[in-house]
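Engineer: make a model of this:
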Amino acid sequence: MSIPSPEALKGLLANDALGTALPPELTPSAVLLPLFLRDDEYHLVFTKRSLQLKRDGGVICFPGGTWESEDADLTFTALRETHEEIGVKPGDVQVLGGFEPVLTRSKFAIQPVVGVIPHPYLYQPSEAEVAEIIEIPLASLYDPANLRVEGVLRPEGLTHRFTYVYQGRIIFGATAQILTRLLELIAEGMEKEVPWQSRTPV
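Structural biologist: Next up is the predicted model:
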């Protein structure tokens, strides 16, 4: 499946520019959504958190973490954390932009930052934080066979919760929310449907 060029994707992301004001009661954080091109197909890089970590050990997520007072902004946070976790240097990332933050029930505001990295890349994962680096073809994430949709009744009404499954790996929670929005933005640019438009909650 083809997707917009980095320049075209950057234009899509400009509609949801970085720098959105975050609720002061939430902890600001940021993640990088690293894209790379292999065999004329885009892939996304995820990490599996080390089981040694006290919070979310074993969970699949994007590289990133909490904003620190020395960070110039949340883009800097995403790049710094990505370098610390998997060894991708900030200068090797072509930052395309971002979109609206995801607010979690654990009181975090997560700013997604989208960037393109070179391929191949010699990752240097942190043994303390990262158990595995996972590269997933973007096209597979549009495959309805890899999507699970669940209807959840909350005080504010019925909402949908998305989970992605790829080769036995499960992507859920805030990471799935961020991924869903990225897929929507790309689909909008291609004027294509996203898989959940033809699915009903199970």
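
Engineer: buried ones in the lengthiest strand in the chain?
Structural biologist: For the chain, the strand with the greatest residue count under DSSP state E is strand 27-38. Using 16 or more other CB atoms under 10 Å as the test for burial, strand 27-38 gives 28-36. Yep, even glycine has a C-beta here, placed from its N, CA and C like the rest.

Engineer: and for residue 95, nearest residue in space, chain neighbours not counted?
Structural biologist: residue 115 (4.7 Å; CB to CB, 6 or more residues apart in numbering).

Engineer: how many neighbours does the one you found have?
Structural biologist: Residues within reach of residue 115, counting by other CB atoms under 10 Å, total 23.

Engineer: parallel or antiparallel, list what pairs with the helix or strand following the longest strand of the chain.
Structural biologist: Under the assignment DSSP states H and E, the closest C-terminal helix or strand after strand 27-38 is strand 41-49. Using DSSP bridges, the strands paired with strand 41-49 are strand 27-38 (antiparallel), strand 60-61 (antiparallel), strand 130-137 (antiparallel).

Engineer: for these, which one sits closest to residue 151?
Structural biologist: strand 60-61 (23.0 Å; CB to CB).

Engineer: who's in contact with the closest one?
Structural biologist: 31, 46-49, 134, 169-171, 174-175 (CB atoms under 8 Å, 6 or more residues apart in numbering).

Engineer: let's verify residue 8: helix, strand, or coil?
Structural biologist: helix (DSSP: H, G, I helix; E, B strand; the rest coil).

Engineer: which non-adjacent residue is nearest it?
Structural biologist: Using CB to CB, 6+ apart, the closest residue to residue 8 is residue 189 (6.1 Å).

Engineer: before we move on, back to that, show me how to select, in PyMOL, the buried members of the contacts of strand 60-61.
Structural biologist: In PyMOL syntax, the buried subset of these is picked out as below (16+ other CB under 10 Å):
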select buried, resi 31+46+47+48+49+134+171+174+175
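
Engineer: can you list the contacts of strand 60-61 in JSON lines and add distance to residue 24?
Structural biologist: Shown next, in JSON lines, are the contacts of strand 60-61 (distance: CB to CB, whole Å):
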{"residue": "31", "distance to residue 24": "20"}
{"residue": "46", "distance to residue 24": "30"}
{"residue": "47", "distance to residue 24": "29"}
{"residue": "48", "distance to residue 24": "32"}
{"residue": "49", "distance to residue 24": "27"}
{"residue": "134", "distance to residue 24": "34"}
{"residue": "169", "distance to residue 24": "35"}
{"residue": "170", "distance to residue 24": "33"}
{"residue": "171", "distance to residue 24": "30"}
{"residue": "174", "distance to residue 24": "19"}
{"residue": "175", "distance to residue 24": "24"}
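
Engineer: among the contacts of strand 60-61, which one sits closest to residue 147?
Structural biologist: Relative to residue 147, the closest of the contacts of strand 60-61 is residue 171; by CB to CB it sits at 10.2 Å.

Engineer: surely that closest one meets residue 177?
Structural biologist: No - with contact defined as CB atoms under 8 Å, residue 171 does not reach residue 177; the gap is 10.2 Å.

Engineer: what about the residue lying closest to residue 51 once chain neighbours are set aside, how many neighbours?
Structural biologist: Nearest residue to residue 51, sequence neighbours excluded (CB to CB, 6+ apart): residue 57, at 4.6 Å. As a burial measure, residue 57 scores 12 neighbours (other CB under 10 Å).

Engineer: before I go, just wanted to say thanks for your time.
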